[in-house]
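Asker: Mind looking at a prediction? Sequence and model below.
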Amino acid sequence: MGRTAGEKVRVVSGAKPTGKLHIGNYFGAVLNWVRLQQEYDCYFFIADYHALTEEWDPDELRRDTLDMVLDLLACGVDPEKAVLFVQSHVPEHTELCWVFNNLAGFGDLLRMTQFKERREAAEQAQEFVSVGLFDYPVLQAADILIYHGAKVPVGEDQLQHLELTRRIARRFNQKFGEYFPEPEAILSEAPRLMSPADPERKMSKSYGEKHVIHLMEPEDSIYQKIKTAVTDVGPQPDRGMSPGVKNLFTLLRLTAPPDVYDRLLQEYNGRTLKYVTLKEAVFEHLMRTLEPIRQRRRALTAHDAREALRLGAQKARAVASKTVQEVKRRIGVGAEALEALSA
Ligand code: ATP
Ligand code: MG
């Protein structure tokens, strides 16, 4: 059951409420969501079940989920154009995940770099490693395929997970007949923003405060993080631009007019650029870019978020329940599977 003529291509993507939305999420994915909703049939969700894969506090999770909806609305996600919802409000995702668990290879999951990294970090800190952390790419496959998502606007860190989604789709189609698309990523101009404090690692909510710049963070705190951002760590003959300086130039390219970017890059190449000048420029243009989002966010209330989510859950469930029904029919489970049989 592919797409019929006249139907728009489905786009699906999500963000985990493991903290507040940051500029890596924004430039890496959400900015594309806002653009794509004009043209495609979009499903965007807050992945609260994914947030359970590492330590969580229920009150914080509730707060972060609501804040993330509000941040997304402020970024320009429009609940009239895109279906915006919270993953746990559509229980069919986890139902499909169980089916997919039986089509996903154990060895494939063991190879997921994100799992390997997080497992190692958790074990070093003598923290618990859950089955949920291991299984999370399978739930992600369900999140996408349940809406027949064909395009997935994400950051570079998600490419491996998306490859797994395609494998699961392929295995399902081979066993039970053509049904799911094999989704492709849409990468942004900044598919991997790095941490200002450790530019060898990506900016990530779960790495801690100093590694991220939030969209709604107080201005002086953003200033401090950019001012103290790591640039060159000692002399690096012939290694070219260091990861920290590269990250600052990426931010400048995303936020400043091209002539400002070109001028500073020329100064860098001519070895006359002072990093303090680069940092001041990044701060100024980043704040200017974020200001309209921050203003809109201040005007939004919890009521706005709840209204958007009510509408979103309704629309998402209508599609998701159809998919799960059809999957159950094909694989031989559910009440309907028995109806056609005689004694
Ligand atoms: P966590 O640390 O909990 O995994 P995160 O900061 O990685 O959080 P996610 O919610 O996992 O954020 O990701 C939301 C979207 O943002 C995904 O599409 C992801 O690929 C993208 N993304 C996350 N971090 C970056 C980054 N540093 N640069 C570009 N895109 C990013
Ligand atoms: Mg992540």
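Answerer: Yep, that arrived. Please read these numbers as outputs of a predicted model, since none were measured by experiment. Ligands and ions are numbered 1, 2, ... in the order given.
Asker: Show me what from the stretch 101-250 of the chain comes close to ligand 1.
Answerer: Proximity of the stretch 101-250 of the chain to ligand 1, by CB under 6 Å from any ligand atom, involves residues 154-155, 157-158, 190-193, 202-206. To be clear about C-beta, it is placed using only N, CA and C from the backbone, and glycine gets the same treatment.
Asker: Now residue 265: closest residue in space that isn't a chain neighbour?
Answerer: Nearest residue to residue 265, sequence neighbours excluded (CB to CB, 6 or more residues apart in numbering): residue 249, at 6.6 Å.
Asker: which residues sit in contact with that neighbour?
Answerer: 241, 261, 264, 265, 268, 278 (CB atoms under 8 Å, 6 or more residues apart in numbering).
Asker: Tell me the one of the residues of the stretch 101-250 of the chain next to ligand 1 nearest ligand 1?
Answerer: Nearest to ligand 1, judged by CB to the nearest ligand atom, of those is residue 155 at 2.4 Å.
Asker: What's the local residue count around the closest residue to the closest one other than its chain neighbours?
Answerer: Excluding the flanking residues, the one nearest residue 155 by CB to CB, 6+ apart is residue 28, at 3.6 Å. Residue 28 has 25 neighbouring residues, counting by other CB atoms under 10 Å.
Asker: Let's see the pLDDT reported for the closest residue to ligand 1 within the chain.
Answerer: Going by CB to the nearest ligand atom, ligand 1 is nearest to residue 28 of the chain, at 2.0 Å. Residue 28 carries a pLDDT score of 98 in this model.
Asker: Same check on residue 7?
Answerer: The predicted local confidence for residue 7 is 77.
Asker: tell me which element it is part of?
Answerer: For residue 7, there is no helix or strand it lies in under DSSP states H and E.
Asker: so it touches residue 40, yeah?
Answerer: No - under the criterion of CB atoms under 8 Å, residue 7 makes no contact with residue 40, lying 10.6 Å away.
Asker: Between those two, which has more neighbouring residues?
Answerer: Using other CB under 10 Å, the more surrounded residue of residue 7 and residue 40 is residue 40, with 20 against 10.
Asker: circling back to that earlier point, just the residues of the stretch 101-250 of the chain next to ligand 1: which are in helices?
Answerer: Among those, DSSP state H puts none in helices.
Asker: In PyMOL, select just the buried ones from those residues.
Answerer: Of these, the buried ones go into a single PyMOL selection, burial set by 16 or more other CB atoms under 10 Å:
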select buried, resi 154+155+158+190+191+192+193+202+203+204+205
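Asker: And the residue nearest to residue 265, how far from residue 303?
Answerer: 41 Å (CB to CB, to the nearest Å).
Asker: So for the residue nearest to residue 265, what pLDDT did the model give?
Answerer: For residue 249, pLDDT reads 98.
Asker: Quickly find the element holding it.
Answerer: Assigned by DSSP H and E, residue 249 falls in helix 243-255.
Asker: How far off centre is that helix?
Answerer: Taking CA atoms, centre = their mean, to the nearest Å, one finds the center of helix 243-255 at 20 Å from the center of the full chain.
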